[in-house]
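K.L.:
My questions concern the predicted model and sequence given below.
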Amino acid sequence: MLELYINDETEKVDATVEKLVRELLHHALQEEGMTNETEVSVTFMDDEAIQEVNRTYRGIDAPTDVISFALEEEVEGEVAIIAEGMPTVLGDILISIPTAKRQAGEYGHTVEREIGFLALHGLLHLLGYDHMTEAEEKEMFGRQKEILDTFGLGR
C-alpha cells in the first residue's frame, strides 16, 4: 500500500494529475514487488524553487525537471534498520511544473504524461535505480518504459 503525500507549491496542478501520479506510483511499486507499506512525498514546484534545491544540494545552478531524495538509502557498510509493522519511507520527489510543460511540448505528448514520467523516474531513483553508467541507464530506462507501457502511458 502506498501512502503518497502531495504538496503543490504552484497551486496549478489539478486533481486529475494528482490522481494519475498516485495511481502510476502505486502501479510501479506493485510492478517492483513492493508489497509492504510505503511512503513517498511528491512536491510540485516552479523553476526558481527547484533551481534553488539543485544549487544547494547538487551544486548545479540551473532548474531541472525532477530531483529525488532517498530517505532510506544505505551507504556502504551501513546496516538497514527494518522495524516490523513500520512503513518503508522511500523519500521525496520534486518536480518542476514549468519544466514539465516545456518538455511535454518538446516531446510532443501531454503535460500529464510528462509529469507521470517524471514522477516515475523519481520513484525509480528512490528504489535504487540510476543512470550514471551506460548499463545502469539501459536498465533504468528499460524498466521505466515497461512500467509506463503496462500502466498505459507509453509513447
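P.N.:
Yes, it's here.
K.L.:
okay, CA-based contacts and neighbour counts for the rest of this
P.N.:
OK.
K.L.:
can you give me the helices for the protein?
P.N.:
Here the chain has its helices, by DSSP state H, at 15-31, 47-58, 97-107, 111-126, 134-151.
K.L.:
Looking at those, which one is packed in the most?
P.N.:
helix 111-126 (a mean of 23; mean count of other C-alpha atoms under 10 Å).
K.L.:
What helices and strands are in contact with that one?
P.N.:
Counting contacts by 3 or more C-alpha pairs under 8 Å, 6 or more residues apart in numbering; DSSP states H and E, helix 111-126 packs against helix 15-31, strand 66-70, strand 88-96, helix 97-107, helix 134-151.
K.L.:
do that again at 10 Å, thanks
P.N.:
Here helix 111-126 is seen to pack against helix 15-31, strand 38-45, strand 66-70, strand 88-96, helix 97-107, helix 134-151 when contacts are counted using 3 or more C-alpha pairs under 10 Å, 6 or more residues apart in numbering; DSSP states H and E.
K.L.:
Could you list the low-confidence segments of the chain?
P.N.:
Applying pLDDT under 70 to the chain picks out residues 72-85.
K.L.:
on that earlier part again, dump the helices and strands packed on helix 111-126 to a markdown table, plus distance to residue 60.
P.N.:
Formatted as a markdown table, the helices and strands packed on helix 111-126 follow (distance: least, C-alpha to C-alpha, whole Å):
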| stretch | distance to residue 60 |
| --- | --- |
| helix 15-31 | 27 |
| strand 38-45 | 17 |
| strand 66-70 | 12 |
| strand 88-96 | 15 |
| helix 97-107 | 16 |
| helix 134-151 | 21 |
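K.L.:
circling back: with distance to residue 3 added, can I get the helices of the chain in JSON lines?
P.N.:
Formatted as JSON lines, the helices of the chain follow (distance: least, C-alpha to C-alpha, whole Å):
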{"stretch": "helix 15-31", "distance to residue 3": "9"}
{"stretch": "helix 47-58", "distance to residue 3": "23"}
{"stretch": "helix 97-107", "distance to residue 3": "22"}
{"stretch": "helix 111-126", "distance to residue 3": "13"}
{"stretch": "helix 134-151", "distance to residue 3": "19"}
